[in-house]
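A.B. asks: got a predicted structure plus its sequence, pasted below:
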Amino acid sequence: TPPSNAAPSAGIRLRPEIAALPAYRQGRAAAPDGFKLSSNENPYDPLPGVAEAVAAASDFNRYPDASALALREKLAERFGRTADEVHIGAGSVALVAQLILATSGPGDEVVYSWRSFEAYPGLVTVAGATSVQVPNRADHSHDLVAMAAAVTDATRLVIVCSPNNPTGTIVAAEEFSAFLADIPEDVLVVLDEAYAEFVTEPRAVDGVPLLARHQNLVVLRTFSKAYGLAGLRVGYALGPVAVLDAARATAIPLSVTGQASAAAIASLDAEDELLERVRHIIARRDAVYAGLLEQGWDAPKPSGNFIWLPTGEHTTAAAERLFEAGLVVRAFAPEGIRVSIGEEESVEKLLQISEEIVRSLP
Ligand code: PMP
């Protein structure tokens, strides 16, 4: 019998674990005078030069370059690697999917912290592998000691997310090095650094320099957040050629468009301007966090372009209150609420409602 929550399948025999899998859920649309703070997007409009580069990539009667070589070469130069040691995906979420498929199938285990990025569990299920979720520590950060201890002979992949979505916590460099030393060399470690450019915490891990010493490490980054290209879908993986080749073998061919590559290249060329915007978002984030601490919130220090409000069992009601005030946020009941750092004009409203909420918490 099919699982009870499976949709009617017109008699088609679906994989039961897929029939039971919820589709990716996207935040609600904001009211015209409201703010969409639910997807950790960049609030700035695209730079004119980047928009022009996209428009100039007009030969879309042709397929794109399958390996996005021009972008790989540009990233390779920047990170002191060869172009083969860079792999481009249609968003870094595509790269997460590929690395899971490349390493893990039925009977294999994928270890990651929980809560972390919502896409991990579904992608593990799609691969037919088994998720092993290690609870975050009480301070909402990864428990790397427990994650290393969760590795068994069946483990093929460990995913570490720093800064962690949705809690915003970082993994310390020192802790990560000790963790890598504990992981068997035939188990792949993926360090998901989707929010790397927003990190100001000096203790935080930077995966890139570690690549030279670890053949079982892949670092993921994206153009979606700091570079503001979420709608174009482009992210990259840095790591050993053998692992990236396996990821390439699982990829849906030709899914990185020429427009996405052109936008990413133009964004790297305009990096000074884009990183100036990132500095504004960081300043806004730190000001919001200072305001929250003053209001009495026990919130973890944010290192991405978002903050985490630990609202516990009051999460749904608190998110509804924010929604009524025009702020669309991401609720993870019964744990907390993730709020993206968006437009400057959203800050005052956010701090006004957060104060109401914290006062109403027991
Ligand atoms: N990793 C993390 C931790 C994320 O939060 C996100 C986006 N929400 C992604 C990966 C994927 O981003 P994209 O596919 O847009 O690069």
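C.D. replies: Received it, and whenever you're ready, just let me know what you need.
A.B. asks: may I have the secondary structure class of the residue found closest to Glu197 once you drop the neighbours it is linked to in the chain?
C.D. replies: For Glu197, ignoring the flanking residues on the chain, the nearest one in space by Cβ to Cβ, 6 or more residues apart in numbering is Ala226 at 3.5 Å. Backbone N, C-alpha and C define where each C-beta goes, glycine included. State at Ala226, reduced to three classes by DSSP: H, G, I helix; E, B strand; the rest coil: coil.
A.B. asks: got the phi/psi numbers for the most centrally placed residue in the chain?
C.D. replies: What sits nearest the mean C-alpha location of the chain, by Cα atoms, centre = their mean, is Ala194, with 4.7 Å. With angles defined as degrees, to the nearest 10, Ala194 sits at phi -60, psi -30.
A.B. asks: what sits against it?
C.D. replies: Neighbouring residues of Ala194 by Cβ atoms under 8 Å, 6 or more residues apart in numbering: 92, 117, 161, 165, 220-222, 224-225, 235, 304.
A.B. asks: what about the strands in the protein?
C.D. replies: Using DSSP state E, the strands of the chain run over 35-36, 86-89, 109-114, 130-135, 155-161, 188-192, 217-222, 235-238, 306-309, 327-328, 330-332, 336-340.
A.B. asks: C-alpha coordinates for the third one, PDB please?
C.D. replies: What follows is strand 109-114 as a C-alpha-only set of coordinates in PDB (Å, rounded to 0.1, in the frame of the first residue of the first chain):
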ATOM      1  CA  GLU A 109      24.700   7.200   5.100                       C
ATOM      2  CA  VAL A 110      25.000  11.000   4.800                       C
ATOM      3  CA  VAL A 111      25.800  12.800   8.100                       C
ATOM      4  CA  TYR A 112      24.800  16.500   8.600                       C
ATOM      5  CA  SER A 113      23.700  18.700  11.500                       C
ATOM      6  CA  TRP A 114      20.100  19.500  12.200                       C
END
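A.B. asks: circling back to that earlier point, for the residue nearest to the centre of the chain, give its distance to Ala172.
C.D. replies: In this view, Ala194 and Ala172 are 18 Å apart by Cβ to Cβ, to the nearest Å.
A.B. asks: for Pro48, same thing?
C.D. replies: 39 Å.
A.B. asks: more neighbours: the two, which one.
C.D. replies: Ala172 (19 against 9; other Cβ atoms under 10 Å).
A.B. asks: now do the contacts for that one.
C.D. replies: 203-205.
A.B. asks: which of the residues you listed lies closest to Gly80?
C.D. replies: Each of the contacts of Ala172 was checked against Gly80 using Cβ to Cβ; the closest is Val205, at 18.1 Å.
A.B. asks: in CSV: the strands of the chain, plus mean neighbour count and distance to the ligand.
C.D. replies: Below are the strands of the chain laid out as CSV (neighbours: other Cβ atoms under 10 Å; distance: least, Cβ to the nearest ligand atom, whole Å):
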stretch, mean neighbour count, distance to the ligand
strand 35-36, 22, 14
strand 86-89, 27, 8
strand 109-114, 23, 11
strand 130-135, 16, 15
strand 155-161, 24, 5
strand 188-192, 27, 5
strand 217-222, 24, 3
strand 235-238, 24, 4
strand 306-309, 28, 9
strand 327-328, 24, 15
strand 330-332, 20, 10
strand 336-340, 26, 10
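A.B. asks: in CSV, list these along with mean pLDDT and distance to Gly11.
C.D. replies: Shown next, in CSV, are those (pLDDT from 0 to 100; distance: least, Cβ to Cβ, whole Å):
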stretch, mean pLDDT, distance to Gly11
strand 35-36, 97, 40
strand 86-89, 98, 35
strand 109-114, 98, 32
strand 130-135, 98, 29
strand 155-161, 98, 35
strand 188-192, 99, 39
strand 217-222, 98, 40
strand 235-238, 98, 38
strand 306-309, 98, 43
strand 327-328, 97, 39
strand 330-332, 97, 36
strand 336-340, 98, 40
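A.B. asks: columns distance to Val347 on top of those, output as JSON lines?
C.D. replies: Below are those laid out as JSON lines (distance: least, Cβ to Cβ, whole Å):
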{"stretch": "strand 35-36", "distance to Val347": "10"}
{"stretch": "strand 86-89", "distance to Val347": "33"}
{"stretch": "strand 109-114", "distance to Val347": "29"}
{"stretch": "strand 130-135", "distance to Val347": "32"}
{"stretch": "strand 155-161", "distance to Val347": "26"}
{"stretch": "strand 188-192", "distance to Val347": "27"}
{"stretch": "strand 217-222", "distance to Val347": "24"}
{"stretch": "strand 235-238", "distance to Val347": "28"}
{"stretch": "strand 306-309", "distance to Val347": "11"}
{"stretch": "strand 327-328", "distance to Val347": "10"}
{"stretch": "strand 330-332", "distance to Val347": "18"}
{"stretch": "strand 336-340", "distance to Val347": "10"}
